[in-house]
Structure formats: C-alpha cells, structure tokens
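Visitor: Dropping the sequence and predicted coords here.
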Amino acid sequence: MKARIALTLAPWSTDPLPTVLDVLAGAGYGGALIEENHLQPWRDELGRFRDLWEEREIHIAACSVAGSWQEQAHLQDELERLRPMAELLAELECEHAVLSLPVRRELVLVAGYQNLRQPFALTESRLQYLGEALNVIAEVLLDVGIKPSIRNRLGTQLETAEELHQLMDTTEPELVSLTLDVGQAMVAGTHPEALVRQYASRIGLLICKDIDLTILKETRDDLYDYDEFLHRGGIVPLGQGHIDFMQVLLPMMSSLMAGDWLVIDPQGPQLGPVESAETRREYLQE
C-alpha cells in the first residue's frame, strides 16, 4: 500500500461540485479536504451528494471545521454545533476532522510578523484551556469514528511553533492529532522539517505547499501582508521552493506507506487549478 493523495477544494469554492470532482478524478486524486461550506448546499440532498463522490471513486478524506474552541464562554455552543456536524461527517464516511481557530482579518495582516501579532496572541493560560477543550472536542468526534486533529493556520491564534509546542503538551496524544500545514509553518518562521521530526507520531495529516523564501523576504521588506505574498507568487509548485520535502516526508514514511493521506493545497497564481493539481500530485508520487 502507498500514501493516498488528496486535494484541498479551495480553488473551486464557487464551482459546481460535479465539475470540481471531475477535475479531481481527471487529475488522479483519490480524495479531497473539504470545508464546512461545501456541505451546506447539499444538506437536503445527502444521497445525491454521496453519489457524486462514489461515482468518481473519490473519498472525503477530511473536513475543515473552524471554531472558537479557545473561548470558554463559547465552548458549549461550539459543542452543540459540532455534534450534528460530526454525525453528518460519519454518515459521509469522512475520515478526519481538521479543527482550526477562526481566521481573523487583523491577524492575516500581521501573519508571520511575530512582533506585530504578539498583542493578539493567546496567553499561556488560554492556550492551556484550548488544549483541554480540544480533548473534550476530540472525544465527541472519536465517538462517531472521526479522527480529530488541530491545524496550524496563518491568520489565527495558532500559528507559531511555540504555540504548537504548548498545545501538543496540553492535549492527549491518543485524542488529538496534528494537521501540519508545512507551507504556513515556514511563513510563520519555523522549519517544517523540524516539526515533522518532533511530532511524526502525532501527525494525522500533512498539508503540502511549497514556499519561495526570496519572495517572502521581499514581501516582508516592503511590509506587505500574506495576501500580497500570495499575489506575488510566493507559493510555488512542490519542489520549486525552499521546503525540503524529502526531509519532510521521511519521518512519515511508515504511516504514509500504511495508507495515510497526504493533502496538497494548490494555491498560487503560476498555474491554473487543473494544471497545478496535476503537477503537484506528480511531484509527490515521484
């Protein structure tokens, strides 16, 4: 058995689902990472939704679920929202729930600028609470057969290596895995290879995107934000940037060979979404 490769659906957020799934099938993907909003139009047609995937032999590898898990006052409301979502994902045979904190515009503006984002950062006690809350949330998901993980994400309050380290220390390994976005980790100032080595046994999913550090430095020197970095072409096809994917994947080889998912995020303006998807999948297979 070998690693299964999935694709995020971000480039096709407004396209009809059958068209998107045809693109994935044509590019050779066996799965996808979807967002909650991809499910909304189909809540009254779940049978048809499931058929669209099964007809093309594409799995729902994972679904991203954002929530204010760090806010004690909101946790019960978030749990009430999560339970029916978890049951729905289980019915659709989704394998992973990728939890993240909400993206906030003011944090996107300072993403990767550690000094500037410090006023927005979670305190040590709030990170501790977040870890405890994630343990509770994970049990809800595991009860219906969904594997829970927490994702590092630029523009949120969980971005830096230090924040990840503390969160991994305060969550139970048997409950909470890590979805590591290697490209966003690098933009946040961390070598993703080191994070993979440290947390290989806890990584549930790897999200693969490559980064051009020259463009990142130029963007930072000009004091522009992450959106400008994207506009300038800072995310490049896998293997054409500064992330050493051989070193990223080596610590994960045994789990990948056992059939775990690799997720490709085809952001970047250099290629159209179809060509980008095909190029990135071919690189990982090589």
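Guide: Arrived safely, thanks for sending. Residues are numbered from 1 along each chain as shown.
Visitor: where do the strands sit along the stretch 1-150 of the chain?
Guide: With DSSP state E, counting those that start in this stretch as the criterion, the stretch 1-150 of the chain has strands at 4-8, 31-35, 59-66, 96-100, 147-151.
Visitor: And the stretch 151-286 of the chain, by the same measure?
Guide: 177-181, 203-208, 210-211, 235-236, 261-264.
Visitor: okay, the strands of the stretch 1-150 of the chain in TSV with mean neighbour count, mean pLDDT and distance to P119 next?
Guide: Bear in mind the C-beta positions are built from the backbone N, C-alpha and C, glycine included. Listed next are those as TSV, based on neighbours: other C-beta atoms under 10 Å; pLDDT from 0 to 100; distance: least, C-beta to C-beta, whole Å:
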stretch	mean neighbour count	mean pLDDT	distance to P119
strand 4-8	24	92	30
strand 31-35	22	95	29
strand 59-66	22	97	22
strand 96-100	24	98	21
strand 147-151	23	98	23
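Visitor: Redo those strands as a markdown table? Include distance to W42.
Guide: As requested, those are exported to a markdown table (distance: least, C-beta to C-beta, whole Å):
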| stretch | distance to W42 |
| --- | --- |
| strand 4-8 | 18 |
| strand 31-35 | 11 |
| strand 59-66 | 12 |
| strand 96-100 | 18 |
| strand 147-151 | 22 |
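Visitor: Check the strands of the stretch 151-286 of the chain for me and report the most buried one.
Guide: Comparing the strands of the stretch 151-286 of the chain by mean neighbour count (mean count of other C-beta atoms under 10 Å), strand 177-181 ranks first with a mean of 25.
Visitor: State the mean pLDDT of it.
Guide: Averaged across strand 177-181, pLDDT comes to 97.
Visitor: where does the protein have low pLDDT?
Guide: Scanning the chain for pLDDT under 70 picks out 1-2, 267-286.
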